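Chemist: Predicted model and sequence follow; I will ask about them next.
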Amino acid sequence: MAQDTISTGSTPNPTRALGLSTIAFTVCFAVWTIFSIIGVALKDQLGLTETQFGLLIGTPVLTGSLVRIVLGIWTDRRGGRLVYTLTMLAAAVATALLAFAQTYEQLLLAALGVGLAGGSFAVGVAYVSRFYPAGKQGTALGIFGVGNVGAAVTKFLAPFVMLAWGWQSVALVWAAALVVMAAIFWFGTEDDPVTVQRRQSGQPQRSLAAEFAPLRNAQVWRFALYYFFAFGAFVALTLWLPRYLIGVYGFDIATAGIVAAAYSIPASIFRAYGGTLSDKVGARTVLYWTFGVSAFCALLLSLPTADYVVDGIHGPVRFHFELAPWAFIGLVFVLGFFMSLGKAAVFKHIPAYYPDNVGAVGGLVGMIGGLGGFVLPLLFGFLNDLTGIWTSCFAALLVLILVSLGLMHSAVRRRERQLVAQPA
């Protein structure tokens, strides 16, 4: 099986493969979320509506999501070292071209190419998992997922680059970083053990039907829904928070970027802890905690600022509810922390249940999760335009969490009844 230790005549270096894959994913993720900062300037420059703004920042996420299943299968068949390098170079070209876009339509077209950077996740998962046995894959993939911190890199650095030299400079600098990282990755890594063995033995490629076969399982699609929240909502909030903080609390772009970056860091770094925790106590337990605490946070965050009047004993009694900035930031940080645990827990399941189809299954789950990062900002913008209530975005997340929790619990109880019904 794919996660078994394979003799290749040389000793593979899992630590180097994991380390460089994680750094590469960090750079890719920084590029993938570039519109969270430059999009704010473009919104004012082009006079975009909330919905247009949501489409712009979500377009790279769309591309990065849709290509994940293709890149995942390509990685299973050709090896992660080659696919990872080519993906970074292609994304670098598109990011550089972004600097020369003049209209909203041209920006959207360039954003489609920028999104290739987000497809690197499926490549990295399939590549890294082949270097580790099953008992350590949760931890390894959790560490790899720390590359989500690339969003914080963009939040911290892009505002200062943009204020100093303009948003076009951000695109050119980020493109150059991708090219450098692609070269480092190609010359610093080696092919994974499965690819090496296949090449040495002359083993034929599996059919595409065999690659896609597990995608018929309902379980795979449940994993995808969980990841739609744990990862998709994380990406959506990473992109949406600067706009939210500016609109609700009057933060300037630099401060809003720093706060959003601070949200991204624990929501990324603790993914490694989520992987270790999933190895120790089980991914299912971690997901229960993720959905439970996230539902509580989303409920509080969805309550809009309001004045209430009730009939009291001696006449009307007035109450005022409003989340102070510190309370809002604290709740969002807690939400991000449990999202990070949930992301790791979902991907702990995949090599355990589908060891020979990590690329396909991981690609599909990653694709659906990434689509959450595209669909949810659009939904947030639409709800803002429709209701005029900023907190409507968190009300939408609350519904998503409760649906995911309900489906997971139903599946768990159904499996428990099947085990009880089996003859001893």
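Modeler: It's in.
Chemist: Look at the residue in the chain sticking out farthest from the centre and report its pLDDT.
Modeler: Distance from the centre of the chain peaks at residue 314, with 53.1 Å (C-alpha atoms, centre = their mean). At residue 314, the pLDDT value in this model is 78.
Chemist: Now do the contacts for it.
Modeler: With contact set as C-beta atoms under 8 Å, 6 or more residues apart in numbering, residue 314 has no partners. C-beta here means a position set from N, CA and C on the backbone, and glycine is covered the same way.
Chemist: Need the distance between the two termini of stretch 122-139.
Modeler: Using C-alpha to C-alpha, to the nearest Å, one end of stretch 122-139 lies 17 Å from the other.
Chemist: Residue numbering should commence at 444 henceforth.
Modeler: New numbering, starting at 444: the last item is stretch 565-582.
Chemist: which residue packs closest to the spatially most central residue of the chain, ignoring adjacent ones?
Modeler: Nearest to the mean C-alpha position of the chain, by C-alpha atoms, centre = their mean, lies residue 674 at 4.0 Å. Leaving out its chain neighbours, the residue that sits closest to residue 674 by C-beta to C-beta, 6 or more residues apart in numbering is residue 812, at 3.8 Å.
Chemist: Name the SS class of the one you found, please.
Modeler: helix (DSSP: H, G, I helix; E, B strand; the rest coil).
Chemist: what's the neighbour count on it?
Modeler: 29 (other C-beta atoms under 10 Å).
Chemist: which stretches of the stretch 594-743 of the chain have low pLDDT?
Modeler: Where the stretch 594-743 of the chain drops to pLDDT under 70, the residues are 645-657, 709-711.
Chemist: where along it do the helices fall?
Modeler: For the stretch 594-743 of the chain, the helices defined by DSSP state H, counting those that start in this stretch occupy 610-631, 636-644, 651-655, 661-670, 677-692, 696-724, 726-744.
Chemist: So what's the gap between the first one and the chain middle?
Modeler: In terms of C-alpha atoms, centre = their mean, to the nearest Å, the gap separating the centre of helix 610-631 from the centre of its chain is 20 Å.
Chemist: Provide a list of residues in contact with residue 811.
Modeler: Going by C-beta under 8 Å, 6+ apart, the list of residues near residue 811 reads 508, 664, 667-668, 670-671, 675.
Chemist: looking at it, the residue nearest to residue 674 is touching residue 671, isn't it?
Modeler: Yes: look at residue 812 against residue 671 with C-beta atoms under 8 Å: they come within range, at 5.5 Å.
Chemist: Please name the nearest non-neighbouring residue to residue 687.
Modeler: Residue 687 sits nearest to residue 833 (C-beta to C-beta, 6+ apart), 6.5 Å away.
Chemist: right, I mislabeled it, should have said residue 629
Modeler: That would be residue 528: by C-beta to C-beta, 6+ apart, it lies 4.5 Å from residue 629.
Chemist: How about residue 730?
Modeler: residue 788 (4.9 Å).
Chemist: now do residue 721
Modeler: Distance criterion C-beta to C-beta, 6+ apart; nearest residue to residue 721, sequence neighbours excluded, is residue 791 at 4.0 Å.
Chemist: Run a quick neighbour tally on residue 850.
Modeler: For residue 850, the number of neighbouring residues by other C-beta under 10 Å comes to 15.
Chemist: quick one: average pLDDT of the helix or strand hosting it?
Modeler: Per DSSP states H and E, residue 850 falls inside helix 835-864. The pLDDT scores in helix 835-864 average 87.
Chemist: ok so, going back, the one helix or strand the residue nearest to residue 721 maps to: how far from the chain's middle?
Modeler: Using DSSP H and E, residue 791 falls within helix 768-796. Distance of helix 768-796 from the chain centroid (C-alpha atoms, centre = their mean) equals 10 Å.
Chemist: same check, this time on stretch 850-867
Modeler: Taking the mean of its C-alpha atoms, stretch 850-867 sits 31 Å from the chain's own mean (C-alpha atoms, centre = their mean).
Chemist: got a list of contacts for it?
Modeler: Contacts for stretch 850-867 (C-beta under 8 Å, 6+ apart): 662, 665, 668-669, 727, 730-731, 734.
Chemist: at 7 Å instead, please
Modeler: The contact list for stretch 850-867, computed with C-beta atoms under 7 Å, 6 or more residues apart in numbering, reads 665, 668-669, 727, 730.
Chemist: what's the answer for stretch 826-842, then?
Modeler: Under the criterion C-beta under 7 Å, 6+ apart, residues 493-494, 676, 683, 687, 690-691, 738, 741-742, 744-747, 822-823 lie in contact with stretch 826-842.
Chemist: and it, which residues are buried?
Modeler: Counting neighbours by 16 or more other C-beta atoms under 10 Å, one finds that the buried residues in stretch 826-842 are 826-827, 833-841.
Chemist: Would you check which pair of these lies furthest apart?
Modeler: 827 and 841 (16.5 Å; C-beta to C-beta).
Chemist: ok so, going back, how about the residue nearest to residue 629, what does it touch?
Modeler: Listed by C-beta under 7 Å, 6+ apart, the contact set of residue 528 reads 625, 628-629.
Chemist: distance of it from residue 585?
Modeler: Going from residue 528 to residue 585 by C-beta to C-beta, to the nearest Å gives 24 Å.
Chemist: Could you check how far the residue nearest to residue 844 when sequence neighbours are not counted is from residue 855?
Modeler: Sequence neighbours aside, residue 738 is the residue nearest to residue 844 in space, at 4.7 Å (criterion: C-beta to C-beta, 6+ apart). Distance, residue 738 to residue 855, using C-beta to C-beta: 17 Å.
Chemist: what does residue 748 give?
Modeler: 38 Å.
Chemist: Check residue 806 too.
Modeler: Taking C-beta to C-beta, one finds residue 806 at 25 Å from residue 855.
Chemist: So these two - more neighbours on which side?
Modeler: Neighbour count, other C-beta under 10 Å: between residue 806 and residue 855, residue 806 has more, with 31 against 13.
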